[in-house]
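Chemist: Give me the fold of what follows.
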Amino acid sequence: AVRFLVAGVIMLAVARAAGQWRMPGWRELAGLVVLGALNNALYLGLSWSGMTTVSSAFTAVLISTNPLLIGVLAGPVLGERLTGRRLAGLCLGLAGVAIVLRSRLSGGMPEDAHGTWLVAGALLALVAGTLLYKRLRPASGLWMSTGVQAVAGAVVLLPFALWQESLADARLTASLLGSMAYMVVAVSIGGYYLWFLILGRASATSASALHFLMPPLGLLFGWALLGEAVSWQDLLGIVPIALGIWLATRGS
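Modeler: You can find the predicted model right below:
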């Protein structure tokens, strides 16, 4: 909640400084609040809660299945045409994810069922948020619309944070402040701004196909930073994922 609030205030300040301050109408504002609840509060709230009991690599793999869901739903919801090339790319990407998923769930690396359900809920929130953003097409500038979403996510999460946690538990260490600064600047501001920029310029299917990058990157950082095991099946799954991204985004 603190992260989203700080990021939102910064982005709104940037919008004003850049001359992009434009208060949205009530209908658009309501849409941005719903988007903030989906893209920030539910997507990240559920996925982070799930990662208390499942690995970061598994979370990345499960979330990265969203391009196929969006590819299927973008037609009836947004009127996007799912070409044979894009469908083949999505299927290849999903096949790669399935290989990695099988590797994570079988043998000696089982994942917690409760955590898996939380991450699955985060996946559905991300899919809904992506489709709703393309459907609404907010007229506010990117800084303004992204900032409003971040503040809305903070407001939605704050009651749950105060109910479940105590501010007295926070320890203002260099590690906490450094990680918070990274999440605010690099992820909530940089990452979300880039995501909505791409989503505004490409189809929902093509933009979402980039999420297939999450498994190999999640495996890489999980291994390098957290010491999580990586099997040969994990590495094998990266091949169809890379080919699938190329097919799904080529010419988009």
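
Chemist: Tell me the pLDDT of the most far-flung residue of the chain relative to its centre.
Modeler: For the chain, the C-alpha farthest from the mean C-alpha position belongs to residue 168; by Cα atoms, centre = their mean, that distance is 29.6 Å. pLDDT for residue 168: 84.

Chemist: any idea whether it is helix, strand or coil?
Modeler: Here residue 168 is recorded as helix under DSSP: H, G, I helix; E, B strand; the rest coil.

Chemist: distance of it from residue 162?
Modeler: In this view, residue 168 and residue 162 are 12 Å apart by Cβ to Cβ, to the nearest Å. No exception for glycine: its C-beta is placed from N, CA and C like everyone else's.

Chemist: Residue 116 now?
Modeler: Taken as Cβ to Cβ, the span from residue 116 to residue 162 is 27 Å.

Chemist: out of these two, which sits in the busier spot?
Modeler: Using other Cβ atoms under 10 Å, the more surrounded residue of residue 116 and residue 162 is residue 116, with 17 against 11.

Chemist: so what's the more buried one up against?
Modeler: Residue 116 makes contact with 50, 54, 58, 62, according to Cβ atoms under 8 Å, 6 or more residues apart in numbering.

Chemist: where does the stretch 1-150 of the chain dip in pLDDT?
Modeler: The stretch 1-150 of the chain contains residues with pLDDT under 70 at 57, 101, 103-110.

Chemist: the strands in it, which residues?
Modeler: In the stretch 1-150 of the chain, no segments count as strands under DSSP state E, counting those that start in this stretch.

Chemist: Show me the helices in it, by range?
Modeler: 2-17, 26-36, 43-50, 56-63, 66-78, 84-105, 113-136, 142-164 (DSSP state H, counting those that start in this stretch).

Chemist: Dump the ones you listed into TSV; add distance to residue 201 as well.
Modeler: Formatted as TSV, these follow (distance: least, Cβ to Cβ, whole Å):
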stretch	distance to residue 201
helix 2-17	19
helix 26-36	18
helix 43-50	21
helix 56-63	22
helix 66-78	15
helix 84-105	16
helix 113-136	11
helix 142-164	11
